[in-house]
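Visitor: predicted model and sequence follow; I will ask about them next.
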Amino acid sequence: MGYVTNLRKTVGSQPLVVIGAAAVVLRQNQLLLVDRRDNHLWGLPAGSKELNESLETTAMRELHEETGLLGQAPNLLTVVSGTGCQYQYPNGDQIDSSTAVYQLQATGTPGSSDETRTSRFFDLTALPAQMTPITQEILRRLISNHQLVGDGQNRPIN
């Protein structure tokens, strides 16, 4: 299976430093979020990098795996790590995440997957309260840096 899954066979649930990527997709001032099956929280489409995979590819792959959307034109917004980026999954696995956050242009209609119950767009002024802690931290940093501003054109956030 995946690189982190294979590591878990050796280290169990103890904390792992995990490198990954998250996708920010905006449409008409709305942000795409996924409702995760593992913890029933909303989050950005995101996941761990695989061996020999670029972070841009990770963001596009995770977007497709979790929503069915096809992403393109990745634009690096920020890298989020440190305080606020630790998480314990419902199964007990712990991570300390470093996440590259990319804005992607996307085509298609968002749906569900093995990892997500659903995906949908939320108005930037009415995001759900029940979000993953790492998504909350990413969005907090993007907002404080004035990088999360929709313009209806799904262009890079500047």
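Guide: Thanks, I have the structure now. What you see is a predicted model, and the numbers here were worked out from it, not measured in a lab.

Visitor: which element follows the strand of greatest length in the chain toward the C-terminus?
Guide: If you go by DSSP state E, the chain has its longest strand at strand 94-107. Using DSSP states H and E, the helix or strand that follows strand 94-107 towards the C-terminus is strand 116-123.

Visitor: next, the buried residues of that following strand.
Guide: 116, 119 (16 or more other Cβ atoms under 10 Å). To be clear about C-beta, it is placed using only N, CA and C from the backbone, and glycine gets the same treatment.

Visitor: strand partners (parallel or antiparallel) of it?
Guide: If you go by DSSP bridges, strand 116-123 pairs up with strand 30-36 (antiparallel).

Visitor: for the protein, give me the ranges with low pLDDT.
Guide: Scanning the chain for pLDDT under 70 picks out the ranges 1, 149-158.

Visitor: ranges for the strands of it?
Guide: Using DSSP E, strands in the chain cover 16-24, 26-27, 30-36, 42-43, 46-48, 70-80, 86-88, 94-107, 116-123.

Visitor: want to throw those into TSV with distance to M60?
Guide: Putting these into TSV (distance: least, Cβ to Cβ, whole Å) gives the following:
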stretch	distance to M60
strand 16-24	7
strand 26-27	16
strand 30-36	13
strand 42-43	17
strand 46-48	11
strand 70-80	4
strand 86-88	23
strand 94-107	7
strand 116-123	15
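
Visitor: right, so of those strands, which gets closest to Q130?
Guide: strand 42-43 (6.1 Å; Cβ to Cβ).

Visitor: in terms of secondary structure, what does that closest one contact?
Guide: Secondary-structure packing of strand 42-43 (3 or more Cβ pairs under 8 Å, 6 or more residues apart in numbering; DSSP states H and E): strand 30-36, helix 133-144.

Visitor: buried sites along the longest strand of the chain?
Guide: So, applying 16+ other Cβ under 10 Å, buried residues of strand 94-107: 95, 97-106.

Visitor: hmm, back to that, so which of the helices and strands packed on strand 42-43 is nearest L77?
Guide: Closest among the helices and strands packed on strand 42-43, once you apply Cβ to Cβ, is helix 133-144, at 6.4 Å.
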